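*Asks:* Any chance you can model this:
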Amino acid sequence: MASPANPRIIRLEEGWNDEIKTRAIDVLEDMLDNGIRSGRSSMFGPREYVAIYTTCYDMCTQRSPYNWSKDLYQRHGETIERYLTSTVLPALRDKTGQGGTILLTELQHRWSNHQIMNKWLKKFFTYLDRYYVKHHSLPTLSQAGLRHFKSHIYDEMKRDTTAAILTLIDEEREGEIIDKTLVKSIIELYESMGMGTLEAYTADLEVPLLDSTREYYAKKRQEWIISDSTPDYLIKAERALIEEKNRVADYLNPASESKLLRVCEEEILEKVETVLLEKEGSGCRVLLANDKSEDLRRMFHLFSRLDNGLNPMADIVERFISDMGKECIQKRQARLDGGEKDKNDDPKFVKSLIALHDKYLGVIKTDFSGHSLFQKALKDAFVEIVNKNVGSFSNAELMSTFCDRVLKSGGERLSDQEVEVNLDRIVQLFSYLTDKDLFAEIYRNQLAKRLLNQRSASDDAEKVMIAKLKMQCGTHFTSKMEGMLSDLAVGSDQRSEFEEKMKQHNAKLDFSVQVLTTGFWPTYKSPEVALTPEMSKCMDVFKEWHDNKHAKRKLSWMFSLGNSTVRGAFGKKSYDLQVTTLQAVALNALNGGVTLTFEDLAEKLNLEGAILRPLMHSLSCGKYKVITKSPASNKINTTDKFVANAKFTCNMRKIRIPMASLDASHNTKRVEEDRSIAIEAAIVRIMKARKTLQHQQLVGEVLSQLAFFKPNPRVVKKRIEALIDREYLERSADNSNVYNYLA
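*Replies:* Sure, this is the predicted structure:
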């Protein structure tokens, strides 16, 4: 069909009044106010819509001066503005004083209507959006509609609606049930008013909400802190934080979550943290003392939300553990003051420290999630506890002796797994010692005794302990201990070879020798005792055999470390006496019922009184008195006489007769010498790298490098002076407080 040559011109008022307003706008407003009439499935059918759209299209595409695009755009805005001011705003103002829910429900209804109106007007005037709006850089029809709603409705009502929302939120906080769907729809309105941003939501709702929340929880804080114990308060605080998080998920914008929770944390946690932690009868110390694991876990999780919120809690934990450790120390002091003998073996005290450490290490792992602050608190507390000595024996010696009990046969009766656990725990305590070198010296001496006297319960356990110390302190710390074990492993092969050699000499004694490397083992007193002819002959055979195999090695005999089994006949019964070499020689001297004085024995055995006294005390004053002393007493005097005890009897056939050690458990002088060497080595290392350094800087670096002990700065100064004397260092000519390294 051909189109007419001269299409009909639509005048503005004609098209607007007769078509657009009458058939579209008035019908739309009526349906918004009164609902869709029965019988209609939608607001506008396809034919109605197309007719209205065509009218708008024709009015916008006519040639100037009959192109009504500008006028239609303007009248689109005026239509929305008129409806909002004449119908919507009065309806909302009418509901303002009738309660929050009524006002918000009306606003929800009117906002929903506005969105419908905006949608249909946009459909009718789509051609405006497509060309006129784009070419003139104007707001789109949808944007224009939103702006009119914002300026005429939202800006007028936002104070009242915000107050209504906050009232509903406070009611929900108090446990009342509110219409969350209604609140959520109004929140979405606030979000829409930002025109693509959250500015309106943030300024008009979020800021008042945060202020309201702060005020609400400030009141709650004052109520709770007076009426509740710390655990009860924290339960309420935890519940409040969960509820606020859920509130955001239910109807607030997700961007509000962190701000809202931060306000809550400040009001109900940060402002009363110290009060809660130190509250009498229910604070952190009380929870620790009563093993309230769940409450401690809650406390940790809540205060971990605050910046530096865990620091005060960690300080309390450190002080508490320190105080518990001091109680262990005071109990040991009380036992000593009560008359208990002070000795280097106090398993009760060491076990109490192990139990304390084990308990609070578990608390930190489970209740405080292994947080580094609490690990440091445990470390600092135990550094103080473990290095506080009571009595004449250091904690280093008590701990080493505890290891000795665990590792030697006849000590603690433990399974392999229990041995491993005990060693793990003692190494944890050892890690806090400042005098690690002293522990090493004592441990090495005790290890030597176990190995040489064949008192070690398990070689594997010995290796495990050395491996743990090596892991803690490095190879240098355990190299001598590893050398000792290596000596014994190598020595077993050589002993087998020598035993074959001894069979050729028809010796009356079962004679074996353990060869040790001098550098690995502790130094021992070695008296030149007068041996029996049989012993001397066996020694000569071994020396000849050894010199042939190892010509460049020098042998030194350590008679004080030897042991022997002596068959002794007392009356009709005979016994196997397990004794040291020195005891065996003394028993041989008194063989046959002879009586000898102290002086006679000293001369015959070629022993000094300081060695002979403990030797004869073990045989005549100990548990098994195989020698009779006259006059009878528990002390050896130079005037005493000794004879074999013909009346000696015992239920056991094999008897071990222990003898007091001739050597101290450790050589303090040697430890000091080793420390001096370590300090000097550190000074030279530092100065070689730095060339020039001030005194305080040098002392500070030396103290930081020494891992096995903590020297007094005065000792460091003495070692610096010694190195200056030996021309490793010199004082600066310009400043006597500055040292230069001499290559």
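
*Asks:* mind showing which ranges of the stretch 301-450 of the chain have poor pLDDT?
*Replies:* Of all residues in the stretch 301-450 of the chain, none has pLDDT under 70.

*Asks:* That one: helices as residue ranges?
*Replies:* With DSSP state H, counting those that start in this stretch, the ranges of helices along the stretch 301-450 of the chain come out as 311-337, 347-366, 372-386, 395-407, 416-430, 436-452.

*Asks:* Could I get the ones you listed in CSV, plus columns for mean neighbour count?
*Replies:* Heads up, the C-betas are built off the backbone N, CA and C, glycines and all. Formatted as CSV, the entries for the helices of the stretch 301-450 of the chain read as follows, by neighbours: other C-beta atoms under 10 Å:
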stretch, mean neighbour count
helix 311-337, 17
helix 347-366, 18
helix 372-386, 19
helix 395-407, 23
helix 416-430, 17
helix 436-452, 22
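
*Asks:* For the ones you listed, give me JSON lines that also has distance to Thr61.
*Replies:* Output for the helices of the stretch 301-450 of the chain, formatted as JSON lines (distance: least, C-beta to C-beta, whole Å):
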{"stretch": "helix 311-337", "distance to Thr61": "74"}
{"stretch": "helix 347-366", "distance to Thr61": "78"}
{"stretch": "helix 372-386", "distance to Thr61": "74"}
{"stretch": "helix 395-407", "distance to Thr61": "100"}
{"stretch": "helix 416-430", "distance to Thr61": "89"}
{"stretch": "helix 436-452", "distance to Thr61": "96"}
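
*Asks:* Out of the ones you listed, which gets nearest to Leu729?
*Replies:* Taking C-beta to C-beta as the measure, these were each checked against Leu729, and helix 436-452 came out nearest at 24.2 Å.

*Asks:* where does Thr565 land in three-state SS?
*Replies:* Following DSSP: H, G, I helix; E, B strand; the rest coil, we place Thr565 in the strand state.

*Asks:* Might you report the residue contacts of it?
*Replies:* By C-beta atoms under 8 Å, 6 or more residues apart in numbering, the contact list for Thr565 reads Asp576, Leu577, Gln578, Val579.

*Asks:* Surely the third one is in contact with Pro658?
*Replies:* Looking back up the chat, that one is Gln578. No: taking C-beta atoms under 8 Å as the contact criterion, Gln578 and Pro658 are not neighbours in contact, 9.2 Å apart.

*Asks:* Looking at the two, which is more packed in?
*Replies:* Higher neighbour count among Gln578 and Pro658: Gln578, with 17 against 14, using other C-beta atoms under 10 Å.

*Asks:* Over to the residue nearest to the more buried one when sequence neighbours are not counted: give its phi and psi.
*Replies:* The spatially closest residue to Gln578, leaving aside those adjacent along the chain, is Arg656, at 4.3 Å (C-beta to C-beta, 6 or more residues apart in numbering). Phi and psi for Arg656, reported as degrees, to the nearest 10, are phi -100, psi 120.

*Asks:* From Ile268, how far off is Arg656?
*Replies:* As for Arg656, its distance to Ile268 is 70 Å (criterion: C-beta to C-beta, to the nearest Å).

*Asks:* Same question for Lys408.
*Replies:* As defined by C-beta to C-beta, Lys408 lies at a distance of 58 Å from Ile268.

*Asks:* quick one, the lengthiest helix in the chain and helix 436-452 angle?
*Replies:* Longest helix of the chain, by residue count under DSSP state H: helix 475-503. In this structure, helix 475-503 runs at an angle of 20 degrees to helix 436-452, with axes from the mean of the first three to the mean of the last three C-alpha atoms, to 10 degrees as the basis.

*Asks:* List the buried residues in helix 475-503.
*Replies:* For helix 475-503, burial by neighbour count (16 or more other C-beta atoms under 10 Å) applies to Phe477, Thr478, Lys480, Met481, Met484, Leu485, Asp487, Leu488, Gly491, Gln494, Phe498, Met502.

*Asks:* what's the answer for stretch 76-94, then?
*Replies:* For stretch 76-94, the buried set under the neighbour-count rule, 16+ other C-beta under 10 Å, comprises His76, Gly77, Thr79, Ile80, Glu81, Tyr83, Leu84, Val88, Leu89, Leu92.

*Asks:* Pretty sure Asp576 sits in a strand.
*Replies:* Yes: inclusion of Asp576 in a strand is indicated when three-state DSSP is applied.
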